[in-house]
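Asker: model the following, please.
(2 chains)
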2 protein chains.
Amino acid sequence: MTTQQLTQQIKKKNSFLCIGLDVDLNKIPKHLLKDEDPIFAFNKAIIDATHHLCVAYKPNTAFYEAYGLKGWKALEKTIMYLNVKYPEIFTIADAKRGDIGNTSTMYAKAFFEDLAFDSVTVAPYMGKDSIEPFLAFENKHTIMLALTSNEGAFDFQTKMVAGKELYKQVLETSKSWKNSENLMYVVGATKAEYLADIRNIIPDSFLLVPGIGAQGGNLQDVCKYGMNDSVGLLINSSRGVIYASQNEDFAEVAAEKARELQEQMEIILSK
Amino acid sequence: MTTQQLTQQIKKKNSFLCIGLDVDLNKIPKHLLKDEDPIFAFNKAIIDATHHLCVAYKPNTAFYEAYGLKGWKALEKTIMYLNVKYPEIFTIADAKRGDIGNTSTMYAKAFFEDLAFDSVTVAPYMGKDSIEPFLAFENKHTIMLALTSNEGAFDFQTKMVAGKELYKQVLETSKSWKNSENLMYVVGATKAEYLADIRNIIPDSFLLVPGIGAQGGNLQDVCKYGMNDSVGLLINSSRGVIYASQNEDFAEVAAEKARELQEQMEIILSK
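Answerer: Numbering: from 1, shown residues only, chains lettered A, B, ... in the order given. Take a look at the predicted model:
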């Protein structure tokens, strides 16, 4: 998928919502546990109920790996279901990968080719040759951690490096990498006040913004400082949508929560 | 496994060799491709031929994920084979994971509980609350990237932060984290001259050192600057051992290459 197609979808749906599919078997409705594949059953119900309200889904691979083979199988089924039934949806493998060059190529193949995700999240610590193998894939997107939503972001990301914070160095340095037009960035909603500075460095890139809701980020602030002419934002909500109800009505309630966010986004987009 | 048990094994085998099981179906001997599970067949042959010459095996998860479900199954079979047949071996999931707290806990469960590895590699960019969930597991080890062996290490890791290089900040900061005694660190063999400074910061920790052989690192230099009283080093070789021959004699030749490294280590240990 191209970023133009993503922007078109945002404008059509009046939504830039991404729903995080972080499936924890301790949190899903109990009646689903009888299903042959409870993880996929949960995802399918959530997707069918919310696909018209959001533009992206983001399974975090940790939640699938934690269930071993059956988790990996559920991840495969989920991405296949999305690609076949809702091909307009932008898909994000939230994997935070990164390794030396030949190994990053293997990760890129795993997520872009084998699983056929549109994008994957990566960590920047190992630098250019750990990320460029991902960028080499045409019409695929590499979403690099810049400023994350957690408390530990202040341990290293905001430390001053040659006169500017590390996350700004990461943003600026990455612009010089080959095929850097395939980069997007993770910026936590809990750090909305940083977004104006970030937009000075990367005015055109899409930002994936986690941390709305459960983590305390504010949608209006994020949009005020982070939106660009092509919207340029994917706002993620995971727990706030998918676990809004743990009863049989879970998918319906998830759709209500997604609708609330979509309606706030529609107001912002109409301004 | 405790670090004391690891050190005992090193002294018993006169080896601190770790063999990287980075299985690429394009590089393994052709006759194995007829096997029902070529990845596991390759690993089993390598392990059976080399287990007495090394103290650790390190599958890099990228190479397994690239083959989807069958790759994940081969990884499960490999770690189970190691844990059942050679329980004295230290096992490393080279996964370079790291995420916000509740998600890192899922990764820790995946690698420490579901797959039962002794250790996992992690990336430090997201800070304390992304790593501490791993450190909470008793007698499990979290191997954090400090100074990596690739060229991209110079993009951020060696940049000056408050008067010292970022990787030194990472090392020092991590010492204050809860259960930091469960930390080990990745330091690339291609950066051997940095090891003296690193040992000043973390004198007692084990270091996992990739980059010997194919990547150009030198064993003698690494040991000169990096060894401590408990040895404190795991030197990894992947391609140099496992792909030394691509013929039917591959396991035998891998053992010869492992033997060469073990003999060099025995000389160093006897000094």
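Asker: chain center to stretch A:204-212: distance?
Answerer: The chain centre lies 8 Å from the centre of stretch A:204-212; the measure is CA atoms, centre = their mean, to the nearest Å.
Asker: go ahead and name everything in contact with that stretch.
Answerer: Residues from elsewhere that reach stretch A:204-212, judged by CB atoms under 8 Å, 6 or more residues apart in numbering or on different chains: A:3, A:6, A:18, A:20, A:58, A:92, A:121, A:141, A:143, A:148-149, A:183-191, A:195, A:198, A:217-219, A:222, A:226, A:228, A:230, A:232-238, A:240, A:261. Quick note: C-beta positions are derived from backbone N, CA and C, even for glycine.
Asker: would you list the buried entries among those residues?
Answerer: With neighbours counted by 16 or more other CB atoms under 10 Å in any protein chain shown, the contacts of stretch A:204-212 contain buried members at A:3, A:6, A:18, A:20, A:58, A:92, A:121, A:141, A:143, A:148-149, A:183-191, A:195, A:198, A:217, A:219, A:222, A:226, A:230, A:232-238, A:240, A:261.
Asker: so which of these reach chain B?
Answerer: Restricting those to those near chain B by CB under 8 Å from any CB of the partner chain leaves A:148-149.
Asker: picking that back up, which of the contacts of stretch A:204-212 fall within helices?
Answerer: Counting by DSSP state H, those place A:3, A:6, A:195, A:198, A:219, A:222, A:226, A:240, A:261 in helices.
Asker: quick check: the two most widely separated of those?
Answerer: Greatest spatial distance among the ones in helices among the contacts of stretch A:204-212 (CB to CB): A:Thr3 and A:Gly240, at 26.0 Å.
Asker: what stretches of the stretch 101-250 of chain A score poorly on pLDDT?
Answerer: For the stretch 101-250 of chain A, the stretches with pLDDT under 70 are A:214.
Asker: hang on, the earlier thing: and which of the ones in helices among the contacts of stretch A:204-212 is nearest B:Lys13?
Answerer: Minimum distance to B:Lys13 across these is 51.1 Å, recorded for A:Ile198 (CB to CB).
Asker: contact partners for the closest one?
Answerer: By CB under 8 Å, 6+ apart, the residues touching A:Ile198 are A:146-147, A:168, A:171, A:185, A:187, A:207, A:226.
Asker: please redo it, this time with the cut-off set to 7 Å
Answerer: A:171, A:187 (CB atoms under 7 Å, 6 or more residues apart in numbering or on different chains).
Asker: what about it, distance to A:Lys164?
Answerer: Per CB to CB, to the nearest Å, A:Ile198 is found 12 Å from A:Lys164.
Asker: cool, and A:Gly152?
Answerer: Counting by CB to CB, the separation of A:Gly152 from A:Lys164 is 20 Å.
Asker: quick one, which of the two is more surrounded?
Answerer: Per other CB atoms under 10 Å in any protein chain shown, whichever of A:Gly152 and A:Lys164 has more neighbours is A:Gly152, with 24 against 13.
Asker: now do the buried residues in stretch A:104-120.
Answerer: Of the residues in stretch A:104-120, A:104-112, A:114-115, A:117-120 count as buried by neighbour count, 16+ other CB under 10 Å.
Asker: start to end distance for that stretch?
Answerer: End-to-end distance of stretch A:104-120 (CA to CA, to the nearest Å): 12 Å.
Asker: that stretch near chain B anywhere?
Answerer: Yes. Under the criterion of CB under 7 Å from any CB of the partner chain, chain B is reached by stretch A:104-120 at A:106-107, A:109-110, A:114.
Asker: tell me the buried residues in stretch A:132-143?
Answerer: Of the residues in stretch A:132-143, A:132-135, A:137, A:140-143 count as buried by neighbour count, 16+ other CB under 10 Å.
Asker: same check, this time on stretch A:210-226
Answerer: Using 16+ other CB under 10 Å as the test for burial, stretch A:210-226 gives A:210-213, A:215, A:217, A:219, A:222-223, A:225-226.
Asker: now swap in stretch A:170-177 and tell me
Answerer: For stretch A:170-177, the neighbour count (16+ other CB under 10 Å) marks A:170-171, A:173-174, A:177 as buried.
Asker: just how off-centre is that stretch within its chain?
Answerer: 20 Å.
Asker: likewise for stretch A:138-157?
Answerer: Computed by CA atoms, centre = their mean, the chain-centroid distance of stretch A:138-157 equals 11 Å.
Asker: quote the end-to-end distance of it.
Answerer: When the termini of stretch A:138-157 are compared using CA to CA, they are 29 Å apart.
Asker: now do stretch A:249-263: everything it contacts.
Answerer: Stretch A:249-263 is contacted from outside by A:14-15, A:17, A:19, A:29, A:45-46, A:49-50, A:53-54, A:237, A:240-242, A:244-245, using CB under 7 Å, 6+ apart.
Asker: can you pull the phi/psi pair for A:Ile242?
Answerer: Dihedral pair for A:Ile242: phi -70, psi -20, per degrees, to the nearest 10.
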